[in-house]
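> Sharing a sequence plus its predicted fold:
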Amino acid sequence: MDAVNTLTARSDDGRSFLVADASGSSLVAGSLVIITGTGERQLALVEERSETIPARLRGRLIGILGEGALDTARSHAFEAGTVEEVDAATIDVLHTTTGALLEVGRNLTEPGGPAKLLPRRFNRHTFWCGQSGSGKTYALGVVLEQLIAHTALPVVIFDPNSDFVRLGELNPDSTGPTAEALAARDIRVLRARGQGEHRLRARFLDMNRSSKAAVLRLDPVADRDEYNSLIHMQELLRAGELDQLIPMLEAAQVGGDQHPLAERIENLGVLDWEVWAGGETAVTDVVAERPDATVLDLGGFSTPEQQLVVALSLLDDLWERREERRPVLLVIDEAHNLCSPQLDSPLAVAVRDRIVQIAAEGRKFGLWLLLSTQRPSKVHPGIISQCDNLALMKMTSPVDLEELGTYFGYAPVALLARSPWFRQGEALFAGGFVPTPSLVKVNARLTPEGGSDVGVPLR
């Protein structure tokens, strides 16, 4: 390692550092350096390079470097420290010390080398964001392959565009330990038009009262008579499914008129939805078996309401079982479909409110979220504010970048500002699941992408 043009750093608080004159240095935001002062070597991250003359570097101290080890619990102030570039061996020490095991790409900042994530820090909520064409879904697939292959954390993927339905397959040229591990994993894909145990279904009778009311668009005050009928049918419903409700209502109705609740069910066409399990296996049953990964192919349903029913029934079930403290990672692709602040139907609001609750309180019970979307403004702020990990791909909107800077203060502003110039497949990782904020080019996937772009026909 060579001194970087004999740069001199100073730290007054033992947490941050300043290089007053970085003239001639090629160091930029995202560069890792070693600063030696008062006899100890400290690993540090450059977070900002000013455009002033002379240029200044600002950043934070990460920890004390020893022989093959890094003490991230200690750092100290110094009046004058020499600045050195890091080498590959130092990066290895950083990865080993922090437990970064999941290799997801290569680092775009010198000295390069593999970019790795910390599997243990997926016990925090993660926000994954990038505009259309950024490679967001493809890159997410790379990370999910690593998680499924190298951890015992069950993953449930809400997949509205069938992007992850081939996660249980391997590309013909996929080899190596990760490919071998993936081939051995229990990965189940549930589809609206699947066969047997692979059908994506929900059980109405297992849903709680408020969720049943949301399906039927019942308000406890505005529709108090019908809602009250639903309350009194609870015990009878335990022995049957939704299609048995109308005969029960007709039997209880005095006179020849149809019961108002029965009319509502028929008018909504709820009985025609293919989502209902009846005597079949429900999605809650499958997830309770804790396969390594469960892909819910939501896009196969003919109406958005049926997608919401699947989501609500599973989220409710996991929440009601939360005291079991059985960890699960809930990956919600195109999260605006389930988490938008603009949702207004009773069923959509019920789903979103449950996700808000899981975001706020679920972490301590092992219910962890990974939300992927094109724009932060499309996701309820009560959910984003609870995320401790950020993956940002190409984003050209200044408004969106400013909003991300507000929520994710641990992501250096200078690195966020580089997002408009990211190429496809490049990302900024920041937060607890990465050793330091890093600019990364993601690896190739080992499994086929289910919903790749359709090409333009050419003559």
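On my side now, so go ahead. Numbers count the residues shown, from 1 in each chain.
> elements contacting the helix or strand containing D353?
Under the criterion DSSP states H and E, the helix or strand holding D353 is helix 346-361. Contact analysis of helix 346-361 by 3 or more Cβ pairs under 8 Å, 6 or more residues apart in numbering; DSSP states H and E lists helix 209-215, helix 304-320, helix 336-339, strand 367-373, helix 381-384 as its packing neighbours. All C-beta spots, glycine's among them, are computed from the backbone N, C-alpha and C.
> relative orientation of it and strand 367-373 in degrees?
Here the directions of helix 346-361 and strand 367-373 differ by 120 degrees (axes from the mean of the first three to the mean of the last three Cα atoms, to 10 degrees).
> ok, residues contacting helix 346-361?
The list of residues contacting helix 346-361 from outside it, by Cβ atoms under 8 Å, 6 or more residues apart in numbering, reads 125, 210-211, 213-215, 217-219, 305, 308-309, 311-312, 315-316, 318-319, 330, 332, 338-340, 343, 367, 369, 380, 382-383, 386-387.
> how about TSV for the helices and strands packed on helix 346-361, with mean neighbour count added?
As requested, the helices and strands packed on helix 346-361 are arranged in TSV below (neighbours: other Cβ atoms under 10 Å):
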stretch	mean neighbour count
helix 209-215	20
helix 304-320	22
helix 336-339	24
strand 367-373	24
helix 381-384	20
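> would CSV of these with distance to K116 and mean pLDDT be doable?
Output for the helices and strands packed on helix 346-361, formatted as CSV (distance: least, Cβ to Cβ, whole Å; pLDDT from 0 to 100):
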stretch, distance to K116, mean pLDDT
helix 209-215, 40, 91
helix 304-320, 29, 96
helix 336-339, 29, 94
strand 367-373, 17, 97
helix 381-384, 25, 94
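> what's the closest of these to T137?
Comparing the helices and strands packed on helix 346-361 against T137 with Cβ to Cβ, the closest turns out to be strand 367-373 (7.2 Å).
> from the chain's centre, how far out does the closest one sit?
The chain centre lies 3 Å from the centre of strand 367-373; the measure is Cα atoms, centre = their mean, to the nearest Å.
> Mind putting the helices and strands packed on helix 346-361 into TSV with distance to T175?
Putting the helices and strands packed on helix 346-361 into TSV (distance: least, Cβ to Cβ, whole Å) gives the following:
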stretch	distance to T175
helix 209-215	46
helix 304-320	35
helix 336-339	36
strand 367-373	27
helix 381-384	38
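> of all these, which lies closest to L94?
Among the helices and strands packed on helix 346-361, if distance is taken as Cβ to Cβ, the winner is strand 367-373, at 23.7 Å.
> tell me the angle that closest one makes with helix 304-320.
Put simply, strand 367-373 runs at 150 degrees to helix 304-320, going by the same axes, to 10 degrees.
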